[in-house]
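Asker: How does the following fold in three dimensions:
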Amino acid sequence: MTSETKTDRGPAEFEAAASQGPQSVAEFDDHHQSIGQKIQHTLHQTPSLVPLIVLLLSVLIFGLLLGSKFFSPFAMTLILQQVQIVGIVAAAQSIVILTAGIDLSVGAIMVLSSVVMGQFTFRYGLPVEVAIAAGLICGTICGYINGFLVAVVKLPPFIVTLGMWQIVLATNFLYSANETIRSQDISEQAPLLQFFGNKVAIGGAIFTYGVIFMVLLVLVLAYVLRQTAWGRHVYAIGDDPEAAQLSGVKVKRVQISVYMLSGLICAFAGWAMIGRIGSVSPTTGQLANIESITAVVIGGISLFGGRGSILGTLFGALIVGVFTLGLRLLGADAQWTYLLIGLLIIAAVAVDQWIRKVSV
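Answerer: Numbering: from 1, shown residues only. Just a heads-up that it's a prediction; the model follows:
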């Protein structure tokens, strides 16, 4: 059949096809090398680039408007201190969303873990080290329940974590009897609970241990997600769980481990929150779930899973912090912050959709 086809076409047609071939290839190459394609490819390969650019532009604009008032070491470190809790919780949210899931219970788990730490210390008189360990275990168990229901029972992550959010929130208030443990009592009897609130001077800036923990956590998770088999499995599950299963990935085991790690990180966030506010209160941090999702989305992690960088999540949290402090120093109404953050969320999702559509 091949020889007949060659004979039927004739040498003249072959010469014409050969003359058109390079032109068609050149046209394809020109299209492939277009500016839009280059930008799309760069953003697809480095999803944290967009939030980094937005962060740098935000700092530049507020710096020009406010001058040294904004660029002072105090202002810079204040932004980090304000976003440390959201940044830690957003790190937990990131690894869940990378698997194409979502965890609406992160804020409630954080608060319950902090309450357990406080109650075990002051109600039961246990050593503070034991109380902290109990709080960390509590967060991990909550994460395990979420992971089991999602991975094994096959319930939708949104429904599971929405229900867990309500259950943990109610448990938190019932267990604590809505009682706040005062900062003075903690500093006198259990100062280790306020460990993440301790400050250290680096150059002209003052950082808390909570800020340092947030940065180290993000760096460690970034390395684990990119350089280890577990991290590659997380991305594979988010991209296509069935294909990951066929390639030998233990999908259920990885999903459960992701939710357990998320719960553990939230428990650390609860410990850091005690250091941040000084007290143990069952009413704080109730919006952490929404704030964490905001940081993740602005940070360029796709809500469809399988794409994004946890460094982008840190940039997303910092963008919110920069806008909040910058507008406050300008004397603007607080509602402008919500308006601008809302626009950023919509823009971030639109960019993600564009990248996914062109990269297919």
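
Asker: any weak-confidence spans in the chain?
Answerer: Within the chain, the stretches falling below the threshold (pLDDT under 70) are 1-33, 36, 40, 43-44, 356-360.

Asker: mind listing the strands in it by residue range?
Answerer: Using DSSP state E, the strands of the chain run over residues 199-202, 205-208.

Asker: Identify, out of the ones you listed, the most deeply packed stretch.
Answerer: Using mean count of other C-beta atoms under 10 Å, the stretch among those with the greatest mean number of neighbours is strand 205-208 (a mean of 18). The way it works is simple: take the backbone N, C-alpha and C, and place the C-beta from them, glycine included.

Asker: could you dump that one to CSV, C-alpha only?
Answerer: Once non-C-alpha atoms are left out, strand 205-208 reads as follows in CSV (Å, rounded to 0.1, in the frame of the first residue of the first chain):
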residue,chain,number,x,y,z
ALA,A,205,14.2,43.5,62.8
ILE,A,206,12.5,41.6,65.5
PHE,A,207,11.0,38.2,64.7
THR,A,208,8.9,35.8,66.8
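
Asker: any residues touching it, and which ones?
Answerer: With contact meaning C-beta atoms under 8 Å, 6 or more residues apart in numbering, strand 205-208 is reached by 73-74, 76-77, 80-81, 84, 196-201, 275-276.

Asker: Report the buried members of those residues.
Answerer: Restricting these to buried positions leaves 76-77, 80-81, 84, 196-197, 275-276, with burial counted as 16 or more other C-beta atoms under 10 Å.

Asker: Pick the one among the residues you listed closest to Ala317.
Answerer: Ala317 has its nearest neighbour among the buried ones among the contacts of strand 205-208 in Gln84, at 8.7 Å by C-beta to C-beta.

Asker: Against Ala350, how distant is the closest one?
Answerer: Relative to Ala350, Gln84 is positioned 29 Å away (criterion: C-beta to C-beta, to the nearest Å).

Asker: Then Gly87?
Answerer: 24 Å.

Asker: what do you get for Leu65?
Answerer: Here Leu65 is placed at a distance of 27 Å from Ala350 (C-beta to C-beta).

Asker: Give me the phi and psi for Ile301.
Answerer: phi -80, psi 130 (degrees, to the nearest 10).

Asker: what's the answer for Leu287, then?
Answerer: When quoted as degrees, to the nearest 10, the phi and psi of Leu287 stand at phi -100, psi 10.

Asker: so it sits right up against Gly107, yeah?
Answerer: Yes: look at Leu287 against Gly107 with C-beta atoms under 8 Å: they come within range, at 6.7 Å.

Asker: Neighbour count: those two, which is higher?
Answerer: Higher neighbour count among Leu287 and Gly107: Gly107, with 28 against 11, using other C-beta atoms under 10 Å.

Asker: Not counting sequence-adjacent ones, nearest residue to the more buried one?
Answerer: Once flanking residues are discounted, Gly107 sits nearest to Ala288: 3.2 Å by C-beta to C-beta, 6 or more residues apart in numbering.

Asker: my guess is Phe304 contacts Gly101, does it?
Answerer: No: under the criterion of C-beta under 8 Å, Phe304 makes no contact with Gly101, lying 10.9 Å away.

Asker: neighbour-wise, which of those two wins?
Answerer: When neighbours are counted by other C-beta under 10 Å, Gly101 comes out ahead of the other of Phe304 and Gly101, with 26 against 14.

Asker: show me the contacts for the more buried one.
Answerer: Neighbouring residues of Gly101 by C-beta under 8 Å, 6+ apart: 150, 157, 255, 258-259, 305.

Asker: now for the residues you listed, which pair is the farthest apart?
Answerer: Longest distance between any two of the contacts of Gly101 is 13.9 Å, between Tyr259 and Gly305; criterion C-beta to C-beta.

Asker: The two: which is more packed in?
Answerer: Shown here are Tyr259 and Gly305; by other C-beta under 10 Å, Tyr259 has more neighbours (31 against 21).

Asker: quick one: contacts for the more buried one?
Answerer: With the criterion set at C-beta under 8 Å, 6+ apart, Tyr259 makes contact with 96, 101, 103, 143-144, 146-147, 150-151.

Asker: same thing with Leu330?
Answerer: Contact analysis of Leu330 by C-beta under 8 Å, 6+ apart lists 62, 65-66.

Asker: can you pick the most crowded of those residues?
Answerer: Using other C-beta under 10 Å as the neighbour definition, those reach their maximum at Phe62, which records 21 neighbours.

Asker: Can you verify my assumption that that residue contacts Phe70?
Answerer: Yes: judged on C-beta under 8 Å, Phe62 makes contact with Phe70 at a distance of 5.1 Å.

Asker: Show me the common contact partners of these two, please.
Answerer: Residues within reach of Phe62 and of Phe70 at once, by C-beta under 8 Å, 6+ apart, are 325-326, 329.

Asker: Please produce a PyMOL select command covering the buried subset of the residues you listed.
Answerer: Here is the PyMOL selection string for the buried members of the shared contacts of Phe62 and Phe70, based on 16+ other C-beta under 10 Å:
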select buried, resi 325+326
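
Asker: Let me know the closest of the shared contacts of Phe62 and Phe70 to Thr121.
Answerer: Of all the shared contacts of Phe62 and Phe70, Leu325 has the smallest distance to Thr121: 33.5 Å, by C-beta to C-beta.

Asker: Would you agree that closest one is in contact with Leu80?
Answerer: No: contact between Leu325 and Leu80 fails when scored by C-beta under 8 Å: they sit 10.5 Å apart.
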